[in-house]
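Q: Generate coordinates for the sequence data below:
(one chain, ligands or ions: 3)
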Amino acid sequence: MLEIKNLHVKLEEEDKQILKGVDLEVPAGKVHAIMGPNGSGKSTLSYVLSGRDGYEVTEGSASLEGQDLLDLDPEERAAAGLFLAFQYPVEIPGVGNMTFLRTAVNAQRKARGEDEMSATDFLKMVREKAKDLKIDAEMLKRPVNVGFSGGEKKRNEILQMAVLAPKMCILDETDSGLDVDAMKLVSDGVNALRDAGRGFLVITHYQRLLDHIKPDVVHIMADGRIIKSGGPELALEVEKNGYADILSEVA
Ligand code: ADP
Ligand code: MG
Ligand code: MG
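A: Ligands and ions are numbered 1, 2, ... in the order given. This next block holds a predicted model:
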């Protein structure tokens, strides 16, 4: 599903190399987690995959179902089936949540040569998914994320994900700032979307999210590279001993 080979990325403005050869393959149907110390390049990886400005790929490749991602605009990446839930979801004053979702869905359908969804069907679909995530109708009418609590923003990200039904979902520290109940809701939302045709890349600082979203593979990222990969037990090891052991073992 997602294939990243030898990805090197530097900042556009500065001569600073951030990703130094990332290799990663997430097959369809699998959940991979990335953990790693602060500043190791986890968010940069998700930004580069989504096509955010400010980064320059100097070497390597990234593809989704064999399609080169790095050549595409952010909108084209989304239409190809890539979705990112951000650590800090953006507020969009003046744009109603429902309008935003409908525009996103129809843009995606258009890019795929499909007809628009009828307003009635769309409303029904969103309401059902919102209910599962305990998002009330009032929140759907408000401007996107404006005045939402941290937990509401994260749930709204998962709602966007559920509505867009992407092929590859990347969640960047979606658990940060969530209390236990909100984390459970977010995890349930993710687990409900687990599917043989869909891949997940879950970036997290904490093992506790991985108690709810059971990953197939855990990767440790440090200094712009994946330095170790293993099963879910790797996350438990990090939780217990921190990164020091793994870092010195690899060094
Ligand atoms: P992580 O998500 O693993 O904490 P980041 O990808 O946020 O790491 O950051 C990796 C490194 O790149 C850090 O040293 C960070 O300061 C630096 N970095 C990332 N983006 C920028 C930027 N736009 N300007 C300056 N430094 C940046
Ligand atoms: Mg960080
Ligand atoms: Mg980060």
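
Q: how about whichever residue of the stretch 151-251 of the chain sits closest to ligand 1, what does it touch?
A: Per C-beta to the nearest ligand atom, residue 221 is where the stretch 151-251 of the chain lies closest to ligand 1, at 6.6 Å. (Each C-beta comes from the backbone N, C-alpha and C, glycine too.) Taking C-beta atoms under 8 Å, 6 or more residues apart in numbering, we find residue 221 in contact with 22, 34, 35, 36, 40, 41, 42, 45, 227.

Q: Could you say which helix or strand holds it?
A: strand 217-222 (DSSP states H and E).

Q: In CSV, list the C-alpha atoms belonging to that strand.
A: Output of strand 217-222 as CSV, limited to C-alpha atoms (Å, rounded to 0.1, in the frame of the first residue of the first chain):
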residue,chain,number,x,y,z
VAL,A,217,4.6,-3.9,13.4
VAL,A,218,6.3,-1.3,15.5
HIS,A,219,9.2,0.9,14.1
ILE,A,220,11.5,3.0,16.1
MET,A,221,12.7,6.2,14.4
ALA,A,222,15.7,8.1,15.5
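
Q: Rounded mean pLDDT for that strand, please.
A: Across strand 217-222, pLDDT averages out at 96.

Q: Mind listing the strands that strand pairs with, and their directions?
A: Applying DSSP bridges, strand 217-222 is found paired with strand 31-35 (parallel), strand 225-230 (antiparallel).

Q: what's the offset of the shortest one from the middle of its chain?
A: Relative to the mean C-alpha coordinate of its chain, strand 31-35 is positioned 11 Å out (C-alpha atoms, centre = their mean, to the nearest Å).

Q: so what secondary structure elements neighbour whichever helix or strand comes after that strand?
A: Next helix or strand after strand 31-35 toward the C-terminus (DSSP H and E): helix 42-50. Using 3 or more C-beta pairs under 8 Å, 6 or more residues apart in numbering; DSSP states H and E, the elements in contact with helix 42-50 are strand 2-11, strand 17-26, strand 55-64, helix 74-80, strand 82-85, strand 168-172, strand 199-203.
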